[in-house]
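Chemist: Fold the stuff below for me.
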Amino acid sequence: MDKWYKGVYRRNLVDMHINDDNDLYLSRFSPVDYFNYLKNAKIQSPMIYLQAHTGLCYFPSKVCKTHKYFQKHPHAIKELIDLCKKDDMKVVGYYSLIYNNEAVISHPEWECKYENGDTYRSRGQRYGLACPNNSEYRQFVQEQIKEMAEEYNNLDGLFFDMPFWSFPCYCESCQKRYQKEYGVNPPTIVDFSNPEYLRFTKARQLWMGEFTQFVKKETNKYFPNTTVEFNFAAVIGCDYTAGSTELINETCEFAGGDLYGDLYNHSFVCKYYYQISNNQPFEYMTCRCNDLLREHTINKPLIQLENEIMLSAMHHAASLIIDAIDPDGSLDYRVSDTLSKAFSYQIPYEPFMDKGELFGEIAIYFDSGVQFDYLGHKSNKEVAINLSKTLIENHIPYHIIANGHLNNLNRYKMIFAPSLFNFDNNERLKLIDYVNNGGLLYLSSYADKRLLKEFFDGEIIGQINRESPYPIIDRGFPEVFSYIYPVSEKYQKYFEEFNEKYPLPLRYYLPEFKFNVGEVTAKIIVPFTDPNDSNKYASIHSNPPGIKTEYPAIVEAKYGKGKVIYSVAPLEGEGRINYKEIIKRIIFDNYDPLIKVKTSKYVESIIFKDNEDYYINLVDLNFFNEVVTRNYEINLPNIDEYEFVETISNKKISPRGTFEKYVSIHLKRKK
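Modeler: Got it, this is the predicted structure:
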């Protein structure tokens, strides 16, 4: 199979989810105008619609309705594809899975249903959702793939959108499958303390993974020389309801998906996609609208779009920028002008975007299978993203590691595995081996019970203050439920101003941890009164610390050649600087970076190692608010053995200097 995506970094998708109940809709669509738009925008690979969320096809179809415009112009999309191919563009076809209005209108029995029989549309949404567990819908998808192959046999790739659950489905097909596989009806009450609901959540993850495998198999049958990609955005952009895990990514030629978070979220996703992608470059998709495609007429300013594209480029990713066609089928050439200018900043870097491998000395374990909050504690994903911001601010090179991709863990000086609720896979064996060989592992919150047993001979036996007879009250403001204070000299340095009298406050109850191996380095203090009893209080505004306990808050244990830190509170997931500083001190007391980068906390340093050379990419994550001159200084143990050059110009520079917006510095090992 041709790996067409190698060196193809400028990509584009024009959304065409346009209805056909008005003769105006798509009436001005022109393959030539569309092609010229792509040329003007400097696009190397367009993703072109073959079928939309509407369910309307843009090719002659016998199994579903073809859009009225394309009934009159049945080969217009083929003409567009041929124009692009003739110009040596790499063309990817777009097909919407699950989101298909025409399919469920014609076949209501295919539609996803809530536990009470409601559908997405009956609750006010525009989208009709076909259930991937319905065998007739699967046959429909198979027939559509075959039809597309007959019309578009020269596609380089196929992109299947929306492979996720928008809500837990209780249609007849889902109920029958769950009953067949587990012998009971699927539970309807959301309760993550209920093993049956956890099993239902896991089942939907497995089902979605199996569905994408089915689609890929059918695609390979009819498109043997075409790459297959599924939108893998829901793993970050949605919660547990999506059922999106690495099982979907396993079916993809490379990782990619459309995401709309801030630049720190953007950076997190880049590192995650980089590590899990079956091939490079991975693809970061985002829109030209500021900030969602729902607001079709407001565009990101050039400096913001440039910033997003360059942050992807500095991670060696392809950028796919999403536009949307006007209802009449015309395109806004002002957008292609902006894309052209934005991509012009990336083009000089493209010859270097396949150099080396992403360098990281710290790892954050992201478990896509446990994307839910539990007993007031943040999910693994939310904690991991917040922790990644702390690492960025302190210029610590890090990786995101994930299920099925925990290879060569011994390269990491420290691994964070936060908030692993219901952790139920064999990756724990790799983490145990990592510690045994000398690694430092940090666990937090409701961690995996088997890891706690292995490292501490311990278990979580309850929750502090959970015996309260009073209902939990949502007062509209954050309430303090617990406090932590250090009891060892080392941890007093970590906690600095927080101590027994003035402990660190937390806005949630903490687990009660009982163990036999390890040293307590911090303990728990609870308030004077029950946080949920509004009739008794010490201070009317706050809930001050009052009662010391012997409950452990942080425990350290040696294991083999390594060490494990367990914090009952996910401190690393807090956004305030007080918590960040504690985590920072814990890291730097246990780890000395190989390459030390000193610069503004708003600058991210992204490092690639290329044999004995390094590329240090500095990106200002604040510059689209205000362009400023940033200072930087780079140090490493054998600095005299390296020559510092600016990557693009190849001009010699100093290890100390200034830059604006972004710069790539090549550390060349002297011969």
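Chemist: For stretch 465-472, measure first residue to last.
Modeler: Using Cα to Cα, to the nearest Å, the span of stretch 465-472 from its first residue to its last is 12 Å.
Chemist: Show me the helices in the stretch 301-450 of the chain, by range?
Modeler: Applying DSSP state H, counting those that start in this stretch to the stretch 301-450 of the chain gives helices spanning 302-313, 333-346, 380-393, 427-436, 449-456.
Chemist: Name the surrounding residues that touch the third one.
Modeler: For helix 380-393, the surrounding residues in contact (Cβ atoms under 8 Å, 6 or more residues apart in numbering) are 236, 264-265, 267-268, 271, 362, 364-368, 370-371, 373, 378, 398, 400, 416, 418-421, 444-445, 570, 572-575, 580, 583-584, 601-602, 604, 621. C-beta: built from backbone N, CA, C; applies to glycine.
Chemist: again, 6 Å this time
Modeler: Helix 380-393 has contacts (Cβ atoms under 6 Å, 6 or more residues apart in numbering) with 264, 268, 364, 366-367, 370-371, 398, 416, 418-419, 570, 572-573, 575, 580, 583, 601, 604.
Chemist: Dump the C-alpha coordinates for it into PDB.
Modeler: C-alpha atoms of helix 380-393 as PDB (Å, rounded to 0.1, in the frame of the first residue of the first chain):
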ATOM      1  CA  ASN A 380      -7.700  10.300  34.500                       C
ATOM      2  CA  LYS A 381      -8.000  12.400  31.300                       C
ATOM      3  CA  GLU A 382      -8.700  15.600  33.000                       C
ATOM      4  CA  VAL A 383      -5.900  15.100  35.500                       C
ATOM      5  CA  ALA A 384      -3.500  14.100  32.800                       C
ATOM      6  CA  ILE A 385      -4.200  17.200  30.700                       C
ATOM      7  CA  ASN A 386      -3.800  19.500  33.700                       C
ATOM      8  CA  LEU A 387      -0.500  17.700  34.700                       C
ATOM      9  CA  SER A 388       0.800  18.100  31.100                       C
ATOM     10  CA  LYS A 389       0.300  21.900  31.500                       C
ATOM     11  CA  THR A 390       2.500  21.900  34.600                       C
ATOM     12  CA  LEU A 391       5.200  20.000  32.700                       C
ATOM     13  CA  ILE A 392       5.000  22.400  29.800                       C
ATOM     14  CA  GLU A 393       5.400  25.400  32.100                       C
END
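Chemist: buried stuff in that helix?
Modeler: By 16 or more other Cβ atoms under 10 Å, the buried positions in helix 380-393 come out as 380-393.
Chemist: Can I take it that Lys202 is in a helix?
Modeler: Yes - assignment of Lys202 by DSSP: H, G, I helix; E, B strand; the rest coil places it within a helix.
Chemist: In contact with the residue nearest the centre of the chain, which residues?
Modeler: Note on the chain: the residue nearest the mean C-alpha position is Ile236, at 3.4 Å, using Cα atoms, centre = their mean. Shown in contact with Ile236 (Cβ under 6 Å, 6+ apart): 259, 269.
Chemist: Redo the helices of the stretch 301-450 of the chain as JSON lines? Include mean pLDDT and distance to Ala324.
Modeler: As requested, these are exported to JSON lines (pLDDT from 0 to 100; distance: least, Cβ to Cβ, whole Å):
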{"stretch": "helix 302-313", "mean pLDDT": "96", "distance to Ala324": "15"}
{"stretch": "helix 333-346", "mean pLDDT": "97", "distance to Ala324": "9"}
{"stretch": "helix 380-393", "mean pLDDT": "97", "distance to Ala324": "28"}
{"stretch": "helix 427-436", "mean pLDDT": "94", "distance to Ala324": "40"}
{"stretch": "helix 449-456", "mean pLDDT": "96", "distance to Ala324": "46"}
